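*Asks:* everything below, folded, please.
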Amino acid sequence: MRTRYDKLISLQVEHKYFANKLFDAFELIPDEKSMKSIRDGRLLIKKSQNTWVLLYQSKGPWETTVDAFVNKEFTFIFRIKDESFADYTHEDYLPGSKAVEFYAASINNKLFSSSRVIESPVFEYNIQHEERPVNLKLKKLKGEVLYDVSIIEPTTKSYKFDLSASEEAFDISENTLPVTDTRKQEIYVYRKYFDDPFYGVIFFKVFLPAGQNSNQYNLLFEKK
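*Replies:* Numbers count the residues shown, from 1 in each chain. Purely as a prediction, here's the structure:
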C-alpha cells in the first residue's frame, strides 16, 4: 500500500545575518507530553536545511485528516546549535539571564515571543511590593488560575509556588489591595533546564485550516 504524508505544522527559520537568510543551526525537541501525542498520532518529524515540518499520514495504514488534530497542542524545546549565535543576533532576540525565549503560535500564522524566566517546579517567588496586603495570582498561559492568594504580614517577603504537576508557561501578577500597582512576571517551568540550558521554547496549536498556508510559520532573526 502506498503511503503519503502531508504537513500538519511547518516552521522556516531565517536570519538576516546571512546573505541568503538560511539558518539551519537549530533543533526542535518535543517535550514528554508532545512526544506522546506524536507517537499516538503516528506523526513524523522532518527537517531539511532551515525548514522543519510535522507530518501526518494522509494515505496509508494510519490514514487520517488534519481535522483530527485541530486544537491539539505541541511544545518543543528550541535549541540553537551555533555557539556564536549571540555574537551576530540582535539583542531583542536574546533571552536574559536564566531565561528562555518563548514563542507562541497564533491563528494568523504569526509567532509571538517573550522572554520568560526559568523556574524549577517548586520555587520561592520574591514579592516586589512593600505594601500590605498584596495579592498574588498565578495562571497558565491559557488563563486557568492556579493560585490566588493574599499576603498580609509585612515580614513575609516571598511565597512558595509548587508547580510540580506540569512544565509549561505561567504568568504571575502581583497587586496591592485595593488595586493600585500591578506588576507581572512571565515564567517557564522546566526542571532539566539548569542541567542542560537551551535557547527557547515553541508552543504550537493546530488551528482549523483556513487556507493553503494554515499552520505554517516563519521565524526571522534580525542581525546585530
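*Asks:* which residues does the closest residue to I45 other than its chain neighbours contact?
*Replies:* The spatial neighbour of I45 that comes closest, neighbours along the chain excluded (CB to CB, 6 or more residues apart in numbering), is L54 at 5.8 Å. C-beta here means a position set from N, CA and C on the backbone, and glycine is covered the same way. Applying CB atoms under 8 Å, 6 or more residues apart in numbering, one finds that L54 lies in contact with 7-10, 38, 43-45, 74, 204.
*Asks:* please apply the same query to Y88.
*Replies:* Contact criterion CB under 8 Å, 6+ apart gives 15, 17, 223-224 as the residues in contact with Y88.
*Asks:* out of these, who's nearest G60?
*Replies:* The shortest approach to G60 among those belongs to H15, at 36.0 Å (CB to CB).
*Asks:* phi and psi next, for that closest one.
*Replies:* The phi/psi pair for H15 (degrees, to the nearest 10) reads phi -140, psi 130.
*Asks:* I'd like to know how many residues surround it.
*Replies:* For H15, the number of neighbouring residues by other CB atoms under 10 Å comes to 24.
*Asks:* buried ones in stretch 104-114?
*Replies:* Within stretch 104-114, the residues that count as buried by 16 or more other CB atoms under 10 Å are 104-105, 111.
*Asks:* can you get me the start-to-end distance on it?
*Replies:* End-to-end distance of stretch 104-114: 9 Å, with CA to CA, to the nearest Å as the criterion.
*Asks:* related to what we said a few turns ago, just the ones of the buried residues of stretch 104-114 in strands?
*Replies:* 104-105, 111 (DSSP state E).
*Asks:* hmm, back to that, can you add pLDDT and neighbour count and give the contacts of L54 back as JSON lines?
*Replies:* Formatted as JSON lines, those follow (pLDDT from 0 to 100; neighbours: other CB atoms under 10 Å):
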{"residue": "K7", "pLDDT": "96", "neighbour count": "16"}
{"residue": "L8", "pLDDT": "97", "neighbour count": "25"}
{"residue": "I9", "pLDDT": "97", "neighbour count": "26"}
{"residue": "S10", "pLDDT": "98", "neighbour count": "16"}
{"residue": "I38", "pLDDT": "98", "neighbour count": "17"}
{"residue": "L43", "pLDDT": "98", "neighbour count": "22"}
{"residue": "L44", "pLDDT": "98", "neighbour count": "13"}
{"residue": "I45", "pLDDT": "98", "neighbour count": "15"}
{"residue": "F74", "pLDDT": "98", "neighbour count": "24"}
{"residue": "F204", "pLDDT": "97", "neighbour count": "22"}
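*Asks:* domain-wise, how is this structure divided?
*Replies:* 4-118+193-221, 121-189 (automatic domain parsing).
*Asks:* tell me which of the ones you listed sits most buried.
*Replies:* Ranked by mean neighbour count, those are led by domain 4-118+193-221 with a mean of 16 (mean count of other CB atoms under 10 Å).
*Asks:* mind checking pLDDT for the residue nearest to I45?
*Replies:* Here the pLDDT value assigned to L54 is 98.
*Asks:* over to I107?
*Replies:* At I107 the predicted local distance difference test score is 86.
*Asks:* does it belong to a helix or a strand, and which?
*Replies:* Counting by DSSP states H and E, no helix or strand carries I107.
*Asks:* tell me the SS of D67?
*Replies:* With DSSP: H, G, I helix; E, B strand; the rest coil as the basis, the three-state label of D67 is helix.
*Asks:* if I pick I187, what's in contact with it?
*Replies:* The contact partners of I187, taken as CB under 8 Å, 6+ apart, are 116-119, 169-172.
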